[in-house]
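K.L.:
Sequence and predicted structure, then a few things I'm wondering about:
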Amino acid sequence: MVTLQEALQNTELETKASRETIMRLVSEVGREQKTYKHINSDVTNMRVELDNALASRIDLEREIEALNERLEASQRAWRNARDQLENRDLNMSTLDREIKEKDYRARDAFTQLTSLKESLVSILGDRYGHGHGAPCEDVIKDRIRSLVTSARDKDANIDMLEQKVRNLTEQLERQIEMQRSAERKIRQAQNDAADMEDRLHHAENDIAATDALKDGLRTDKHRYLKFMERVASAMKVDTISADVGFDMSGDAIIARAEQLQRMEMDALADKTTHVYNLQRKIKSFKDQLESKDLHNDLLRKKIQQLEERVMGRSELEREKDDESLRSRKLEKLVEKYKMQINEHRQEIRDLKARRMDSSNYRIETLEASKEIETLEEKVLRLERVRQKQAKKIHNLKQDIDMVEGEKVGTSQTADYTIGQLSSELATTKAALDEITKRERQLLDMRSVIARMLGLEVNSLAVPDYEIISRLEKLVLANKTHAFTTLTLDSALEDMEDGFKSGYVEATRTLGTRSRSPSPHRSRTRTRSMSPTRRRDPRQY
């Protein structure tokens, strides 16, 4: 019991201690929860502050971007304003330079105008022999007017003659081009005619060779028919051939040969080798003959070349020799064919004499018939070619005649046009000489008028409008002077004699005063207008 009580007390103490620890832990948990809530509230506040800071930062960045854009726009505007100010300064400087240049030109033009007026007055005074009085303006006006009208007429004539010269030159160039084209056509026609003659010559030679070959083939065919008759008579089948006709004679001969083959197969077995040897000998003899023919041809060519070097034959003779050589080659070819046919016949005779194999005889006969057929086809083709060449030759002859007629007509027209062009060229040259002479006279007259008006023709290139403007001024001044003198004379006619004598004395005294040079008078001289802009130089 005591132990149980002690154990119970111990358990109670332990339970109290555990309760205290539990209470302490609960209080700690509560404190921790309070701190956690406080921390959560702080975190939420911090998050809100962070969001506000981020929003304010974004707003500040936007404001900074807007301010940067405004700054860039203001800088661009400032740069544009600066560029405009610089351009204005440049324009102002250029305008100042232009104003200074225009002022200088105006002063220079004013001085030139004053010197021109003085030189014109002095020239007119020297020209008419009374420098202290006014020159006769009517005479000057009439003379200048006549010179101007004559110059205009001559300019019109010069323009008309220049246009005529250009037209004649164009016509001459066209005629020359037509003549050149006609000459080219004539040369082309001559070349075509020469080519046609060459082709005609070659075609005639080919036709002659073809005719010779055709005649040879006809003779060969006739010989072949005779040969077939002789073969039929030799093989004792001529009566059968006469009964069945020429078309079946070959079959009869073949049947007879097969019969002979069957009869004498054993007898001919030993002779085939001998026949083969003979054929090889014949082929070797043929090769030797061909080599000898080739050697002979080379010797002939060498002899011909030596003869050409010695005698110096023309190209036409060479062509004839070539054609003759071709004809000889064709003759050799025909002879070769004839020799081959004769050799075939000899072989057939040998086969008949030695009772050769009928199969070889049949094969050779068929080959000979095929060769004859091919030769007949060649003859027919050559005949068609000959007919075509004859038609072409006829057409070429007609073309040559036509071209010769056209050539004669074009040569006559070309000669006529050349004569006309030469006469027109002579007249054009004469007109050009007259125009150059008149132009020289007009230039001399222009230089004289310019010198009379006080222009330096030798040192400066004086334009026409300057001379015309000065002449207009002179004519206007002459009209004014003539009008004033006419009105003065008409007014003096109505006056008394005493007033007239006093007026004459006054004019004399004024004339003596006008002879003495006065600087004030030179300064107060009337100013004329500019010939180009009609403005007073003092108003520049």
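P.N.:
Structure received. Treat the numbers as computed from the prediction; the structure is a model and nothing was measured. Numbering: from 1, shown residues only.
K.L.:
Can you tell me the closest non-neighbouring residue to D399?
P.N.:
Take D399 and drop its neighbours on the chain: the residue closest to it by Cβ to Cβ, 6 or more residues apart in numbering is M196, 7.2 Å away. Any C-beta I mention is one placed from the backbone N, CA and C, and that applies to glycine too.
K.L.:
Look up which helix or strand K283 falls in, please.
P.N.:
Using DSSP states H and E, K283 sits in helix 271-311.
K.L.:
rewinding a little: quick one: average confidence on whichever strand or helix holds the residue nearest to D399?
P.N.:
For M196, the enclosing helix or strand under DSSP H and E is helix 137-234. Taken as a whole, helix 137-234 has an average pLDDT of 73.
K.L.:
packing partners for it?
P.N.:
Helices and strands touching helix 137-234, as assessed by 3 or more Cβ pairs under 8 Å, 6 or more residues apart in numbering; DSSP states H and E, comprise helix 238-244, helix 249-263, helix 315-354, helix 358-452, helix 464-493.
K.L.:
The same query, at a cut-off of 10 Å, please.
P.N.:
helix 2-128, helix 238-244, helix 249-263, helix 315-354, helix 358-452, helix 464-493 (3 or more Cβ pairs under 10 Å, 6 or more residues apart in numbering; DSSP states H and E).
K.L.:
what's the angle between it and helix 2-128?
P.N.:
Taking axes from the mean of the first three to the mean of the last three Cα atoms, to 10 degrees, one finds helix 137-234 and helix 2-128 inclined to each other by 120 degrees.
K.L.:
With M228 as the reference, name the closest of the helices and strands packed on helix 137-234.
P.N.:
Nearest to M228 among the helices and strands packed on helix 137-234 is helix 249-263; the distance by Cβ to Cβ comes to 6.2 Å.
K.L.:
Packing partners of the closest one?
P.N.:
helix 137-234, helix 238-244, helix 315-354, helix 358-452.
K.L.:
As TSV, the ones you listed with distance to L60 would be great.
P.N.:
Shown next, in TSV, are the helices and strands packed on helix 249-263 (distance: least, Cβ to Cβ, whole Å):
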stretch	distance to L60
helix 137-234	86
helix 238-244	131
helix 315-354	108
helix 358-452	85
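K.L.:
Save these as a markdown table, and put in distance to N296 and mean neighbour count too.
P.N.:
Below are those laid out as a markdown table (distance: least, Cβ to Cβ, whole Å; neighbours: other Cβ atoms under 10 Å):
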| stretch | distance to N296 | mean neighbour count |
| --- | --- | --- |
| helix 137-234 | 20 | 14 |
| helix 238-244 | 43 | 15 |
| helix 315-354 | 10 | 14 |
| helix 358-452 | 25 | 14 |
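K.L.:
among the ones you listed, which is nearest R262?
P.N.:
It is, among the helices and strands packed on helix 249-263 and with distance given as Cβ to Cβ, helix 358-452, at 8.6 Å.
K.L.:
angle of that closest one against helix 249-263?
P.N.:
Between helix 358-452 and helix 249-263, the angle comes out at 140 degrees (the same axes, to 10 degrees).
K.L.:
Report the rounded mean pLDDT for helix 358-452.
P.N.:
For helix 358-452, mean pLDDT is 73.
K.L.:
Same question for stretch 30-48.
P.N.:
Here the average pLDDT along stretch 30-48 is 80.
K.L.:
What of stretch 84-96?
P.N.:
For stretch 84-96, mean pLDDT is 81.
K.L.:
residues making contact with it?
P.N.:
Residues outside stretch 84-96 that contact it (Cβ atoms under 10 Å, 6 or more residues apart in numbering): none are found.
K.L.:
Same question for it: list its buried residues.
P.N.:
Buried residues in stretch 84-96, counted by 16 or more other Cβ atoms under 10 Å: none are found.
K.L.:
Just the C-alphas of it, formatted as PDB.
P.N.:
The C-alpha atoms that make up stretch 84-96 are tabulated as PDB, following Å, rounded to 0.1, in the frame of the first residue of the first chain:
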ATOM      1  CA  GLN A  84      17.100  77.200 -89.800                       C
ATOM      2  CA  LEU A  85      19.100  80.000 -88.200                       C
ATOM      3  CA  GLU A  86      22.200  78.800 -89.900                       C
ATOM      4  CA  ASN A  87      20.400  78.500 -93.200                       C
ATOM      5  CA  ARG A  88      19.000  82.000 -92.700                       C
ATOM      6  CA  ASP A  89      22.500  83.300 -91.900                       C
ATOM      7  CA  LEU A  90      23.800  81.600 -95.100                       C
ATOM      8  CA  ASN A  91      21.000  83.000 -97.100                       C
ATOM      9  CA  MET A  92      21.600  86.500 -95.600                       C
ATOM     10  CA  SER A  93      25.300  86.200 -96.500                       C
ATOM     11  CA  THR A  94      24.600  85.100-100.000                       C
ATOM     12  CA  LEU A  95      22.000  87.800-100.400                       C
ATOM     13  CA  ASP A  96      24.500  90.400 -99.200                       C
END
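K.L.:
Make residue 1 into 642 and carry on from there
P.N.:
New numbering, starting at 642: the last item is stretch 725-737.
K.L.:
Buried residues in stretch 895-907, which are they?
P.N.:
I895, R897, A898, L901, Q902.
K.L.:
cool, stretch 744-751 as well?
P.N.:
A747, F751.
K.L.:
Would you reformat the helices and strands packed on helix 778-875 as a markdown table and include distance to E803?
P.N.:
Below are the helices and strands packed on helix 778-875 laid out as a markdown table (distance: least, Cβ to Cβ, whole Å):
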| stretch | distance to E803 |
| --- | --- |
| helix 643-769 | 34 |
| helix 879-885 | 101 |
| helix 890-904 | 96 |
| helix 956-995 | 55 |
| helix 999-1093 | 7 |
| helix 1105-1134 | 18 |
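K.L.:
nearest to K924, of these?
P.N.:
helix 956-995 (9.9 Å).
K.L.:
rewinding a little: for the buried residues of stretch 895-907, which one is nearest K1029?
P.N.:
The closest of the buried residues of stretch 895-907, once distances to K1029 are taken by Cβ to Cβ, is I895, at 39.7 Å.
K.L.:
where's the closest one relative to V872, distance?
P.N.:
11 Å (Cβ to Cβ, to the nearest Å).
K.L.:
Show me what stretch 804-816 is in contact with.
P.N.:
Under Cβ under 10 Å, 6+ apart, the answer for stretch 804-816 is 1055, 1058-1059, 1061-1063, 1065-1066, 1068-1070, 1072-1073, 1076.
K.L.:
now with 7 Å?
P.N.:
Stretch 804-816 is contacted by residues T1058, L1062, E1065, L1066, T1069, A1072, L1073 when judged by Cβ atoms under 7 Å, 6 or more residues apart in numbering.
K.L.:
of the helices and strands packed on helix 778-875, which approaches K933 most closely?
P.N.:
helix 956-995 (11.8 Å).
K.L.:
Give the rounded mean pLDDT of the closest one.
P.N.:
The average pLDDT within helix 956-995 is 69.
K.L.:
how much space is there between K943 and S965?
P.N.:
16 Å.
K.L.:
let me redo that: E706
P.N.:
From E706 to S965 the distance is 108 Å (Cβ to Cβ).
K.L.:
now do M869
P.N.:
On the measure of Cβ to Cβ, M869 and S965 end up 36 Å apart.
K.L.:
With L666 instead?
P.N.:
Computed as Cβ to Cβ, the L666 to S965 distance reads 146 Å.
K.L.:
Same check on L695?
P.N.:
To S965, L695 is 118 Å away according to Cβ to Cβ.
K.L.:
Likewise for L1096?
P.N.:
Taking Cβ to Cβ as the measure, L1096 falls 90 Å from S965.
K.L.:
now swap in D796 and tell me
P.N.:
Distance of D796 to S965, computed by Cβ to Cβ: 78 Å.
K.L.:
can you check K743 too?
P.N.:
Distance, K743 to S965, using Cβ to Cβ: 99 Å.
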